[in-house]
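> how would this look folded up:
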Amino acid sequence: MQLLRSLDNLPPDCRGGAVAIGNFDGVHRGHARIVERLLANAREVGGPAVVFTFDPHPAMVLRPEAAPQPLTWIDRKAELLAALGVDGMIAFPTDEALLALEAEEFFDRIVLQKLQAKALVEGPNFAFGRGRRGTIELLRDLSRKAAVKLEVVEPIWDGDEIVSSSRVRRLVAAGDVAEAGRLLTAPYRIRGLVTHGAGRGAKIGFPTANLAGVDTLLPAQGVYAGRAERDGRRVGAAINVGPNPTFGEQAAKIEVHLLNYSGSLYGQTLEVDFLARLRDIRPFADVSALTAQLAEDVADADRIAAVCCGTVSRP
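Alright, predicted model coming up:
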């Protein structure tokens, strides 16, 4: 799949097909349904299936203080969409000039002139153009006049609520990563740069990679089962999000203990999937009690990772 960040000199295999426009944050099951119909429309018009998204989220430009924390970074979003079969993703730089375009201008300049779209696939709440004035009804009218096919895809209901990025965000923020993963097309993932920590984990037999610079939403404080990919294989992980109260530390950290892995990670970017929440963070009477609990956490994380994802088990 092609990941592009500009509409200038757009290659032919990203023009003249079916287009879905939106944020696609997290790439959840509702997005997967839109992509399914996008692919069908692309086949029908004989062109590529293209997702046009925004970088950053428009809210970061219009009202940064109230903008939601993202669930995915751009490369991860492209990876998830590629897994669904999308041919190309355009992560268009979001600026005031783009957001100032009237709905009709956006449709004419981007949809018709640049993308040369023959079909559009959107959800019923899609809005576009300055002040989000472009409703799905306006899009339907503009598409009809331009002879562009428009398919409006209904959302997926799960229980009494639709599957949405905001719902996933609430679940992750509450620490319910298993439920969030059920609504997503892949387990919830973060990335960060591995930096040096206090080194206490290694001294008690549980070395950890300390992650810094995480640019997506963090799950609630707690201990989690997870996984990572290292040296071409999946390995289980026990992840601590929060402080180390046993040692009197209150600063929140992200510490990842990779199971059955001994390579150096310092200075590398590590991506970690969250599979299930194991327990709350709490202080222990002494290091011996902490070590015993960590052994239980590792065993639980190993079991969950192996069942969920076929990770390499500990020897």
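> roughly how far is the helix or strand of the chain with the lowest mean pLDDT from the heart of the chain?
The helix or strand of the chain with the poorest confidence is helix 200-203; it has a mean of 76 (mean pLDDT, DSSP states H and E). Chain-centre distance of helix 200-203: 31 Å, with C-alpha atoms, centre = their mean, to the nearest Å.
> helices or strands up against the next helix or strand after it?
Using DSSP states H and E, the helix or strand that follows helix 200-203 towards the C-terminus is strand 209-212. The contact analysis (3 or more C-beta pairs under 8 Å, 6 or more residues apart in numbering; DSSP states H and E) places strand 209-212 against strand 188-195, strand 253-258, strand 269-279. Yep, even glycine has a C-beta here, placed from its N, CA and C like the rest.
> what comes up buried for strand 209-212?
For strand 209-212, the neighbour count (16 or more other C-beta atoms under 10 Å) marks 209, 210, 211 as buried.
> please name the strands paired to that strand in the sheet, noting orientation.
Strand 209-212 pairs in its sheet with strand 188-195 (antiparallel), strand 253-258 (antiparallel), by DSSP bridges.
> roughly how far does residue 110 sit from residue 208?
According to C-beta to C-beta, to the nearest Å, residue 110 stands 46 Å off from residue 208.
> please read the previous query as pertaining to residue 153.
Separation of residue 153 from residue 208 (C-beta to C-beta) stands at 43 Å.
> with neighbour numbers in mind, choose between these two.
Comparing residue 153 with residue 208 by other C-beta atoms under 10 Å, the one with more neighbours is residue 208, at 23 against 19.
> mind giving me the packing neighbours of the lengthiest helix in the chain?
Scanning the chain for the helix with the most residues, using DSSP state H, yields helix 287-309. On a contact count with 3+ C-beta pairs under 8 Å, 6+ apart, helix 287-309 meets strand 222-230, strand 233-242, strand 269-279.
> which one of these lies closest to residue 103?
Checking these against residue 103 by C-beta to C-beta gives strand 269-279 as the closest, at 37.3 Å.
> center of the chain - which residue?
Closest to where the C-alpha atoms of the chain average out (C-alpha atoms, centre = their mean) is residue 72, at 2.8 Å.
> list the contacts of that residue.
By C-beta atoms under 8 Å, 6 or more residues apart in numbering, the contact set of residue 72 is 25, 26, 27, 80, 189, 216.
> what about the helices in the protein?
Ranges of helices in the chain, per DSSP H, are 29-45, 58-62, 74-83, 96-99, 103-106, 136-146, 165-173, 177-183, 200-203, 287-309.
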